[in-house]
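S.K.: sequence first, then the predicted structure, then my questions.
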Amino acid sequence: MPASQMEASDPSELSALPVDSADLRRAAQRLLKTPSTQTGWTVFPMPGKTFTPFEPVHHAGREALRVQASSSVSILRQRMEPALPSVGRLSFAWTADALPPTEDVAQGRRDDAVVRVLLSFDGDRSRLSPRVHRLSEMSRLLTGEDLPYATLVYVWSDAHAPGTVLNNSRTDRVRKLVLDSGTQHLGQWRDHERDVRADFFQVFGEEPGPLLSVALMTDTDNTRSQAQAWYGALRLLPAAP
């Protein structure tokens, strides 16, 4: 299932249909480094949503994956098979040329983000609310996958300051941590290095469980807008012994 159900959207809208190209697979292998050796990165077009592809390019002196978003949703995901028991540091780079107008990553109907990095985790599912269990059951019937126990999302926001934590409008098991904000740095590469365990504890107030997947996501469908996004090198490390 793509990127924690596209941040816990209506499960009836979801499926996983790989349409990636050989060029994209090779570029992802060069750029996106994780401990998983069993599965590669796969794109996921969303039913009922316009999909724009991830394209290997060079941008501002770096190799990158570009998305030319136009009222669209684009997801590139790698599942950890088997799940990664613990996560250490994550480094990645992104940039964009515009932010979706009237975007607000805290509001469901305007919940677009020109760049996101999503990490989905397993955990003690007995702690989930009845509502989340119902959403997960619907998801499993439709896609064969449960909703993850928790998903940590790094975003670039127009309206919220760096460090802000935001819940998804449909479930608090998807929470966003704002890393970049506003238009000042548009067009510039933004390099980030994160302690995933510390971020997860800050956002959810508990230790992270095994990592199920990591994904890149660009969406402008709710605001019906256009923007270009570029993702540079990403490196995910297991926790030190």
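M.R.: That came through, no problem.
S.K.: only C-alpha atoms for contact and neighbour calcs from this point on.
M.R.: Will do.
S.K.: right, and the helix or strand after the lowest-mean-pLDDT helix or strand in the chain?
M.R.: Every helix and strand of the chain was ranked by mean pLDDT, DSSP states H and E. The lowest is helix 3-8, at a mean of 51. Using DSSP states H and E, the helix or strand that follows helix 3-8 in sequence is helix 22-31.
S.K.: figure out how far that next one is from the centre of its chain.
M.R.: Distance of helix 22-31 from the chain centroid (C-alpha atoms, centre = their mean, to the nearest Å) equals 18 Å.
S.K.: so which residue is dead centre in the protein?
M.R.: residue 118 (3.0 Å; C-alpha atoms, centre = their mean).
S.K.: how near is that residue to residue 155?
M.R.: According to C-alpha to C-alpha, to the nearest Å, residue 118 stands 9 Å off from residue 155.
S.K.: what's the answer for residue 170, then?
M.R.: From residue 170 to residue 155 the distance is 17 Å (C-alpha to C-alpha).
S.K.: picking that back up, would the residue nearest to the centre of the chain count as being in a strand?
M.R.: Yes. According to DSSP: H, G, I helix; E, B strand; the rest coil, residue 118 belongs to a strand.
S.K.: shouldn't it be in contact with residue 214?
M.R.: Yes. Counting by C-alpha atoms under 8 Å, residue 118 touches residue 214, with 5.6 Å between them.
S.K.: which residues of the chain fall in helices?
M.R.: For the chain, the helices defined by DSSP state H cover 3-8, 22-31, 130-143, 196-204.
S.K.: need the pLDDT of the nearest residue to the residue nearest to the centre of the chain once chain neighbours are set aside.
M.R.: Among residues not flanking residue 118 along the chain, residue 153 sits closest, at 4.4 Å (C-alpha to C-alpha, 6 or more residues apart in numbering). At residue 153, the model reports a pLDDT of 97.
S.K.: burial measure for residue 153, as a count.
M.R.: Residues near residue 153, counting by other C-alpha atoms under 10 Å, number 29.
S.K.: again, but for residue 38
M.R.: 10.
S.K.: same check on the one 5 residues further on?
M.R.: Number of residues near residue 43 (other C-alpha under 10 Å) recorded here: 25.
S.K.: distance check, the residue nearest to residue 79 when sequence neighbours are not counted against residue 85.
M.R.: Closest residue to residue 79 apart from its sequence neighbours, by C-alpha to C-alpha, 6+ apart: residue 213 at 4.2 Å. Using C-alpha to C-alpha, residue 213 is found at 12 Å from residue 85.
S.K.: same check on residue 207?
M.R.: Residue 207 is 12 Å from residue 85, by C-alpha to C-alpha.
S.K.: and residue 177, by the same measure?
M.R.: Using C-alpha to C-alpha, residue 177 is found at 22 Å from residue 85.
S.K.: so for these two, which residue has more residues nearby?
M.R.: residue 177 (24 against 15).
S.K.: for that one, name its beta-bridge partners.
M.R.: residue 154, residue 165 (DSSP bridges).
S.K.: okay, now residue 230: neighbour count?
M.R.: Neighbour tally, residue 230, other C-alpha under 10 Å: 28.
S.K.: please apply the same query to the one 3 residues further on.
M.R.: As a burial measure, residue 233 scores 18 neighbours (other C-alpha under 10 Å).
S.K.: so it makes contact with residue 95?
M.R.: No. Between residue 233 and residue 95 no contact is recorded; they are 11.7 Å apart, counting by C-alpha under 8 Å.
S.K.: so who does the residue nearest to residue 118 touch?
M.R.: 116, 117, 118, 119, 174, 175, 176, 177 (C-alpha atoms under 8 Å, 6 or more residues apart in numbering).
S.K.: ok, the residue of the chain positioned farthest from its centre to residue 81 distance?
M.R.: Going by C-alpha atoms, centre = their mean, the residue of the chain most distant from its centre is residue 241, 26.7 Å out. Residue 241 sits 20 Å away from residue 81 when distances are taken as C-alpha to C-alpha.
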